[in-house]
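Engineer: Provided below are the primary sequence and the corresponding predicted coordinates.
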Amino acid sequence: MLSIKGLHVYYGGIHALRGIDLDVPDGQIISLIGANGAGKSTTLKSIMAMVPKTEGTVMWNDKNITNVHTREVVGQGIVLCPEGRRVFPDLTVEENLRIGAYLRKDKDGIQKDKDWVYELFPRMKEREWQLAGTLSGGEQQMLAVGRALMSKPKLLMLDEPSLGLAPLVIRDIFAIIKEIKAAGVNVLLIEQNAKAALEISDFAYVMETGTITMSGVGKDLLNDERVKKAYLGE
Amino acid sequence: MTELTKRNKSILSVIVCAVFLAAVYIGDMLVPPTSGMRMLFTVLEKGSVYALVAVSMNLLNGFTGLFSLGQAGFMLIGAYIYAIFSIPTAMRDSVYQYFEGGLIKFSVTENLGNALGTVMGDFGVMLGEHIGMIFLMLCAGILTAGVAALIGLPVLRLKSDYLAIATLGFAEILRAFFQWKAAGPITNSSNLLRSYTTYETPLFPVIAAGLCIAFIVLLINSSYGRAFKAIRDDEIAAEAMGVNLFKHKQMSFIISSFFAGLGGALLAMFQSSVASTPFTSNMTYEILLIVVIGGIGSVTGSIIGAYLFVACSEWWLRGLDSGAFLGISAGFMRPGFRKVVFAVIIMCIVLFYSRGIMGNKEFSWEGLVGFFKRIFSGKKKTSEKNHKTNTDKEKEAR
């Protein structure tokens, strides 16, 4: 499991994270909800060591991964599916998936996982030889998730997977997140679409301006008056 | 059309290459030195050298997305290393006349030639010289790569335009260094290096460049190549997938410089004399032009672009300068007019093929057949259909 204690991050003079404590236990979907600029993406990026941490520790299965390189974090089984999909547009779907398995050397395992990704996203199989830049937004999101899964992660971190997608597509993606969890991958999910996220998550944190203001079981938060007012628009 | 199997395609490619090389060899023997057709071989030789350097630049600019303009500087190192170590000892006094015969008193090619010559006679001399040439070419590449590794440490932390400016600057510094009077005993300062060993048949540069390009193509299709392309497409996503950005950029930079240095050595052989003056940023721009005209991200494009560029600038358009072109003679065809026409041609290519001649596609037998079919049937394929054949061919290539 992943455990974060007292995490502080600065962007120049801006204090973006002000002491975050967060746990991702095994076998669960954890979501992190909050408004724009609350520091959700920064939290994920600092776990991945893509932004420098000023203070705090990140533990992963009793191993301190606070000060290691991004590639070592990926090697440890944590992967980030970045915001805005960020597929490689001039590479084919298949090549995108292979880059996802970049740090792996087991050929058979890679092939097996590729088959699994194609099973999760049959559309990707059809478009295997197409350039990723020619896919639709929803397909690109699926590819981005599939690419992240190719690193055989134990923790998959998804940054706004529903951003800019049609409601029907969002439903598909969330259904697949559940399937991924069933396959034994822990999921840490960031969403602005709070309702959809809370419905599928086992536990959730609410973030505001760099701090965690609330936490609780997903279904409970869904019925919480303050959450309803601030994030669900009810 | 019957579909070609992968095996048949490889056989076809090998046959075409063999026939081409045989044609070059026989043609070289048949065409007399005074014939105008000799230009064909000049273009072939210089075109091969430029193709190699253009492909090496494409590896960096087109496949890794690093906009670097240091190619001429790296070629300069390669050319000098080759020339300095292959001037025969007897010639050194006259070549280094201002520096008392220079510091280096041996010639790798000559010594190897003599050594093998005592054992195997004339054949041994030739064999030894060629081994020496290949050895020196590799040395030129390796030393250039070493310099690139040092330059890469600070420079590769920069991005886009800043990287271009920094590499351009380093290339100019290298050139200034080679012209430096204090380095004269080795580099002969700004005087010519000449009389060194060169190849005798046009096959040599063609084969050498071909092998190097084949290596680059293999690299591009490997998992390293995929990582390069991922960095080009999206650095942040590549990093999030665990790709070591700096290591791969450095690797691409070093490999590209290795082949630029090797290309420089070949250019030195082609010119049979070397001075640092022509290795200015202008030469880099010529190569950049080839890469852009051919298609950024297409090896085939760079090769086609290189031969077209060399053929136009050295041969086809020469008549425009001398006053008679395709039977037309006019007063405005004075020296320099060639460049005007050349600029117009380039503008037309950029207007009508905005992504270069090949775009980011590569040569394939299906593509070639499709190309001729389109010309003879006179109707255009829809772009969708085009795309399909393209993806099919990629599928088969695996």
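Structural biologist: Looks like it arrived, so ask away.
Engineer: every contact and neighbour count from this point should use C-alpha atoms.
Structural biologist: OK.
Engineer: so, low pLDDT: which residues of chain B?
Structural biologist: B:1-3, B:323-324, B:378-398 (pLDDT under 70).
Engineer: residues in contact with the longest helix seen in chain A: which ones?
Structural biologist: Scanning chain A for the longest helix, with DSSP state H as the assignment, gives helix A:167-182. Helix A:167-182 is contacted from outside by A:27, A:28, A:29, A:120, A:138, A:142, A:161, A:162, A:187, A:196, A:197, A:200, using C-alpha atoms under 8 Å, 6 or more residues apart in numbering or on different chains.
Engineer: and the helices in chain A?
Structural biologist: Assigned by DSSP H, the helices in chain A fall at A:40-47, A:70-75, A:93-100, A:107-120, A:122-126, A:137-149, A:167-182, A:194-200, A:218-223, A:225-227.
Engineer: what number of residues lie near the residue in chain A that chain B sits nearest to?
Structural biologist: The nearest approach of chain A to chain B comes at residue A:71, 3.9 Å away (C-alpha to the nearest C-alpha). When neighbours are defined as other C-alpha atoms under 10 Å in any protein chain shown, residue A:71 has 22 of them.
Engineer: roughly how far does it sit from residue A:94?
Structural biologist: 21 Å (C-alpha to C-alpha, to the nearest Å).
Engineer: from the contacts of helix A:167-182, which single one is nearest residue B:136?
Structural biologist: residue A:142 (51.4 Å; C-alpha to C-alpha).
Engineer: for the closest one, what are its contacts?
Structural biologist: Here residue A:142 is in contact with A:121, A:124, A:173 (criterion: C-alpha under 8 Å, 6+ apart).
Engineer: state the distance from it to residue A:149.
Structural biologist: For residue A:142, the distance to residue A:149 - C-alpha to C-alpha - is 11 Å.
Engineer: and if you look at residue B:327?
Structural biologist: From residue B:327 over to residue A:149 the distance is 66 Å, taken as C-alpha to C-alpha.
Engineer: same question for residue B:29.
Structural biologist: 60 Å.
Engineer: more crowded one of these two?
Structural biologist: Neighbour count, other C-alpha under 10 Å: between residue B:29 and residue A:149, residue A:149 has more, with 26 against 11.
Engineer: my guess is that one meets residue A:156, correct?
Structural biologist: Yes. The pair residue A:149 and residue A:156 qualifies as a contact (C-alpha atoms under 8 Å) at a distance of 7.4 Å.
Engineer: confidence score at the spatially most central residue of chain A?
Structural biologist: Centroid check for chain A by C-alpha atoms, centre = their mean gives residue A:158 as the closest residue, at 1.6 Å. At residue A:158, the model reports a pLDDT of 93.
Engineer: quick one: contacts for it?
Structural biologist: By C-alpha under 8 Å, 6+ apart, the contact set of residue A:158 is A:80, A:81, A:82, A:83, A:145, A:187, A:188, A:189, A:190.
Engineer: got CSV for these, with distance to residue B:231, pLDDT and neighbour count too?
Structural biologist: CSV is the format used below for these (distance: C-alpha to C-alpha, whole Å; pLDDT from 0 to 100; neighbours: other C-alpha atoms under 10 Å in any protein chain shown):
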residue, distance to residue B:231, pLDDT, neighbour count
A:80, 16, 92, 28
A:81, 16, 91, 27
A:82, 15, 90, 24
A:83, 17, 88, 17
A:145, 19, 92, 29
A:187, 26, 93, 27
A:188, 26, 93, 24
A:189, 26, 92, 24
A:190, 25, 91, 26
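Engineer: mind listing which of those residues are in strands?
Structural biologist: Among these, the residues falling in strands (DSSP state E) are A:80, A:81, A:187, A:188, A:189, A:190.
Engineer: could you list which of these also contact chain B?
Structural biologist: A:80, A:81 (C-alpha under 8 Å from any C-alpha of the partner chain).
Engineer: so which residues on chain A come close to chain B?
Structural biologist: Applying C-alpha under 8 Å from any C-alpha, we find that chain A lies next to chain B at A:48, A:50, A:70-75, A:79-82, A:86-91, A:95, A:99-103, A:129-130, A:148, A:151.
Engineer: what sits against the residue of the stretch 151-300 of chain B found nearest chain A?
Structural biologist: The minimum distance from the stretch 151-300 of chain B to chain A, using C-alpha to the nearest C-alpha, falls at residue B:242 (3.9 Å). Counting by C-alpha under 8 Å, 6+ apart, residue B:242 makes contact with A:70, A:71, A:72, A:73, A:74, A:75, A:102, A:103.
Engineer: what helices or strands is the helix of greatest length in chain B leaning on?
Structural biologist: Longest helix in chain B, counting residues (DSSP H): helix B:108-155. Using 3 or more C-alpha pairs under 8 Å, 6 or more residues apart in numbering or on different chains; DSSP states H and E, the elements in contact with helix B:108-155 are helix B:71-84, helix B:160-179, helix B:245-271.
Engineer: if we use 7 Å, what do you get?
Structural biologist: Helices and strands touching helix B:108-155, by 3 or more C-alpha pairs under 7 Å, 6 or more residues apart in numbering or on different chains; DSSP states H and E, are helix B:71-84, helix B:245-271.
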